[in-house]
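Novice: Quick one: sequence plus predicted model below, questions after.
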Number of protein chains: 2
Amino acid sequence: MHIITRNHKHLADRLVGRRKQFTKGCRIVLEALKNTQGTPSAQDIALQLKNSLSNQAPGLTTVYRSLELLARLGIVQVVTFRDGERRYELISPGEHFHHLICEQCGKTTRISACIIDGLAQSISTEYSFMVKSHVLELYGLCKQCNDSTNNAIPNLLVEVS
Amino acid sequence: MHIITRNHKHLADRLVGRRKQFTKGCRIVLEALKNTQGTPSAQDIALQLKNSLSNQAPGLTTVYRSLELLARLGIVQVVTFRDGERRYELISPGEHFHHLICEQCGKTTRISACIIDGLAQSISTEYSFMVKSHVLELYGLCKQCNDSTNNAIPNLLVEVS
DNA sequence: ACTAAAATTGAAAACGATTTCCGTTTCTAT
DNA sequence: ATAGAAACGGAAATCGTTTTCAATTTTAGT
Ligand SMILES: [Mn+2]
Ligand SMILES: [Mn+2]
Ligand SMILES: [Zn+2]
Ligand SMILES: [Zn+2]
């Protein structure tokens, strides 16, 4: 906890609004996100903490509140896939990711490829809209699922919509 | 056998799949979508129908069921913005849209500009992932909101994150 | 260290969108 | 007309998330 406090001390200065402090709960949630790969939901995190920390684990409410703060601080990205559940992943401030989501096995893959550069410019001129952020998620089949599906039903159509 | 069939009717429904017919409820909901611009939620639609058709209006449950069928038929696109509420809009089969969402006034604009063409190909080769569909939504400020918030800076800035 | 004020915590309750249940109504085919 | 199948709709359930609020912990002033 000392390490994390030191590493993110600069963030503590920016705390404004409801949540004012970078608390132990936040530190624990941040730690959990660091140690987890994937894109867990708040309940995933709370459960994992309950399993690893038992009675020391922060409650679900605190997990939600911590995630909200971390997101506001810019070190957590909130992502929502088709099931509507909010999921969270660690980022560096200013960074963002997109995802490949397998519709069959549910596996998600972070990708940093971003296509916004030209688009934002053309949107700006065509619609007079200032793009400040964007969401891009790609749905389809991962290699394994695509292979196994093609074996069962050979030559399935390749549709890009 | 009648008793058993009746008691487990809901299970059988789930196995076979739900909606089978294009019913009056669907027709009414479809009509409502045609006459509405914007991207209404199921509750928006139900309320509007209640206002216009009074006791003839389909109930909220039927609105949900109709929207589900219309989406499955490919003539309704389901979109979810940051508030997580599902919204619906009419499309031609195979068609899809993206949106500009003003973070200040909430105005949304459909755009048909699509960036998937090159991306799906490069994703396929780099990640062996078959892209079948995608979600792209752009958040920012519409012209009016941008002008009123930064009247000091008349030029439209393009911030891409 | 003491103490009062401020902030955080978490269990329970509230919330809101969506889904499920199930009795009633409508449709369809004979 | 009749029976079986499907749809309807209101109530209840579900589920992720937020709010409430009393208790606890932390902070800041002395
Ligand atoms: Mn991007
Ligand atoms: Mn597209
Ligand atoms: Zn897969
Ligand atoms: Zn606006």
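Specialist: Okay, I see it. Ligands and ions are numbered 1, 2, ... in the order given.
Novice: So the closest residue to residue A:95 other than its chain neighbours versus residue A:94, what's the distance?
Specialist: Leaving aside its sequence neighbours, residue A:95 sits nearest to residue A:77 (Cβ to Cβ, 6 or more residues apart in numbering or on different chains; 7.7 Å). For the C-beta atoms, the positions are set from N, CA and C on the backbone; glycine is no exception. Residue A:77 is 11 Å from residue A:94, where distance means Cβ to Cβ, to the nearest Å.
Novice: and what of residue A:101?
Specialist: Distance from residue A:101 to residue A:94, by Cβ to Cβ: 24 Å.
Novice: repeat for residue A:124
Specialist: Using Cβ to Cβ, we find residue A:124 at a distance of 20 Å from residue A:94.
Novice: One more: residue A:117?
Specialist: Distance from residue A:117 to residue A:94, counting by Cβ to Cβ: 15 Å.
Novice: And for the residue of chain A found nearest ligand 4, the neighbour number?
Specialist: Residue nearest to ligand 4 within chain A: residue A:129 (8.8 Å; Cβ to the ion). For residue A:129, the neighbour count with other Cβ atoms under 10 Å in any protein chain shown is 26.
Novice: nearest residue to it other than its sequence neighbours?
Specialist: Among residues not flanking residue A:129 along the chain, residue B:100 sits closest, at 4.7 Å (Cβ to Cβ, 6+ apart).
Novice: Hmm, residue B:140 and that neighbour touching each other?
Specialist: Yes - using Cβ atoms under 8 Å, residue B:100 is in contact with residue B:140, at 7.0 Å.
Novice: and for those two, which residues touch both?
Specialist: Listed as contacting both residue B:100 and residue B:140 by Cβ atoms under 8 Å, 6 or more residues apart in numbering or on different chains are A:129, A:131.
Novice: Show me what counts as buried in stretch A:67-87.
Specialist: Within stretch A:67-87, the residues that count as buried by 16 or more other Cβ atoms under 10 Å in any protein chain shown are A:67-70, A:72-73, A:75-77, A:79-81, A:86-87.
Novice: Select the longest strand from chain A.
Specialist: strand A:130-141 (DSSP state E).
Novice: is any part of it close to ligand 1?
Specialist: No - Strand A:130-141 does not reach ligand 1 (Cβ under 5 Å from the ion); its nearest approach is 5.6 Å.
Novice: ditto for stretch A:97-104
Specialist: No - Stretch A:97-104 does not reach ligand 1 (Cβ under 5 Å from the ion); its nearest approach is 5.7 Å.
Novice: before we move on, what about stretch A:81-94?
Specialist: No - Stretch A:81-94 stays clear of ligand 1 (Cβ under 5 Å from the ion), getting no nearer than 11.7 Å.
Novice: what's next to that stretch, contact-wise?
Specialist: With Cβ under 8 Å, 6+ apart, stretch A:81-94 has contacts from A:30, A:33-34, A:39-42, A:45, A:67, A:70-71, A:73-80, A:97, A:99, A:101, A:108, A:110, A:137, A:139, B:80, B:84, B:86, B:161.
Novice: So which of those residues belong to strands?
Specialist: Judged by DSSP E, the contacts of stretch A:81-94 include A:76-80, A:99, A:101, A:108, A:110, A:137, A:139, B:80, B:86 as members of strands.
Novice: separation between the nearest residue to residue A:115 once chain neighbours are set aside and DNA strand D?
Specialist: Distances taken as Cβ to Cβ, 6+ apart place residue B:115 nearest to residue A:115, at 4.4 Å, with adjacent residues excluded. Applying Cβ to the nearest atom of the strand, to the nearest Å, the value for residue B:115 to DNA strand D is 27 Å.
Novice: wait, what's in contact with residue B:115?
Specialist: With contacts defined as Cβ under 8 Å, 6+ apart, the neighbours of residue B:115 are A:115, A:119, B:136.
Novice: List just the nearest of the residues you listed to ligand 1.
Specialist: Using Cβ to the ion, residue A:115 is the member of the contacts of residue B:115 that lies nearest ligand 1, at 6.8 Å.
Novice: Need the pLDDT of the closest one.
Specialist: We have a pLDDT of 88 for residue A:115.
Novice: Check residue A:7 too.
Specialist: pLDDT recorded at residue A:7 is 34.
Novice: The residue nearest to residue A:129: neighbour count?
Specialist: Counted with other Cβ under 10 Å, the neighbours of residue B:100 add up to 23.
Novice: which stretches of chain A aren't confidently modelled?
Specialist: Judged by pLDDT under 70, chain A has its weakly predicted residues at A:1-20, A:151-161.
Novice: wait, what's in contact with the closest residue to residue A:132 other than its chain neighbours?
Specialist: In this structure, residue A:132 finds its nearest non-sequential neighbour in residue B:140, 4.0 Å apart by Cβ to Cβ, 6+ apart. Residues near residue B:140 by Cβ under 8 Å, 6+ apart: A:129-133, B:100-103, B:146, B:159.
Novice: Domain ranges for chain A, per the record?
Specialist: A:1-93, A:96-143 (automatic domain parsing).
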